[in-house]
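> requesting a structural model of the entry that follows:
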Amino acid sequence: MRIFIETERLILREIEYTDENDLFEMDADPDVHLYIENNPVKTIDEIQNGIKLLKKQYEENGIARWAVVDKLTNECMGWSGLKYFNLQVNSHKNFYELGYRFKKKHWGKGFATESSIAILDYGFKNLNVESIFAITDPKNLNSKKVLTRLGFDFQETFDYEGDPTDWFELTKTTWESRKPIR
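Coordinates of the predicted model:
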């Protein structure tokens, strides 16, 4: 297991099969899936298949979503991280997208912001990318607040797999000039 980053409250590391029960708890909750196209998972096999895909992304791209672990309890609270897209989305190809998902009981505690700050620093410094993108449902006001707090700029609403989706961008120059409050 590779640990990438530690923050004040969190450990960000590769997702492991030992996280399957925590990820199942998160992804079986319909409220967690309210603003994403996926349906809540019904079996642990679905989680195991997802972990297998993430491990493939680690191998192929050197990065994928990371487990977000509470330092005090060692609980995997969800995931956060960068996903590399080599397929075209909204006229972009070969880009990194920031994403995060947490168990409902951990919403509103700043974990998305805290983990994302560390991940964005990692992306701009270690991967040396010029831009990182994010997408969210236009009705997901909490996610949009997190992205705005991080410094992302809304670009447009586009059609993603039949649904309106908000597209955000954060450039390295913008990140370096207006880092969010830590």
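> so the closest residue to residue 107 other than its chain neighbours is in which element?
Leaving aside its chain neighbours, residue 107 sits nearest to residue 142 (7.4 Å; criterion: Cβ to Cβ, 6 or more residues apart in numbering). No exception for glycine: its C-beta is placed from N, CA and C like everyone else's. Following DSSP states H and E, one finds residue 142 within helix 141-150.
> how far off centre is the helix or strand of the chain at the bottom of the mean pLDDT ranking?
Ranking every helix and strand in the chain by mean pLDDT, DSSP states H and E puts strand 3-6 at the bottom, with a mean of 88. Its chain's average C-alpha position is 15 Å from that of strand 3-6, according to Cα atoms, centre = their mean, to the nearest Å.
> for stretch 136-145, same thing?
Distance, centroid of stretch 136-145 to centroid of chain: 14 Å (Cα atoms, centre = their mean).
> show me what the mean pLDDT comes to for that stretch.
Averaged across stretch 136-145, pLDDT comes to 96.
> list the buried residues of that stretch.
Residues of stretch 136-145 classed as buried by neighbour count (16 or more other Cβ atoms under 10 Å): 136, 137, 140, 143, 144.
> so the last one sits against residue 157, correct?
No: counting by Cβ atoms under 8 Å, residue 144 does not reach residue 157; the two are 11.4 Å apart.
> on that earlier part again, distance to residue 39 added to the buried residues of stretch 136-145, as JSON lines?
Formatted as JSON lines, these follow (distance: Cβ to Cβ, whole Å):
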{"residue": "136", "distance to residue 39": "18"}
{"residue": "137", "distance to residue 39": "15"}
{"residue": "140", "distance to residue 39": "17"}
{"residue": "143", "distance to residue 39": "19"}
{"residue": "144", "distance to residue 39": "23"}
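> tell me the one of those nearest residue 100?
residue 143 (8.1 Å; Cβ to Cβ).
> please name the nearest non-neighbouring residue to that closest one.
residue 136 (4.4 Å).
> got the phi/psi numbers for that neighbour?
Note on residue 136: its backbone torsions stand at phi -160, psi 160 [degrees, to the nearest 10].
> the protein: helices as residue ranges?
20-27, 44-61, 111-125, 141-150, 172-177 (DSSP state H).
> format the ones you listed as a markdown table; extra columns: distance to residue 85.
Shown next, in a markdown table, are those (distance: least, Cβ to Cβ, whole Å):
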| stretch | distance to residue 85 |
| --- | --- |
| helix 20-27 | 21 |
| helix 44-61 | 10 |
| helix 111-125 | 13 |
| helix 141-150 | 17 |
| helix 172-177 | 18 |
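> to residue 37, which of those helices lies closest?
Closest among these, once you apply Cβ to Cβ, is helix 20-27, at 13.2 Å.
> for the closest one, packing partners?
Using 3 or more Cβ pairs under 8 Å, 6 or more residues apart in numbering; DSSP states H and E, the elements in contact with helix 20-27 are helix 44-61, strand 76-85, strand 95-102.
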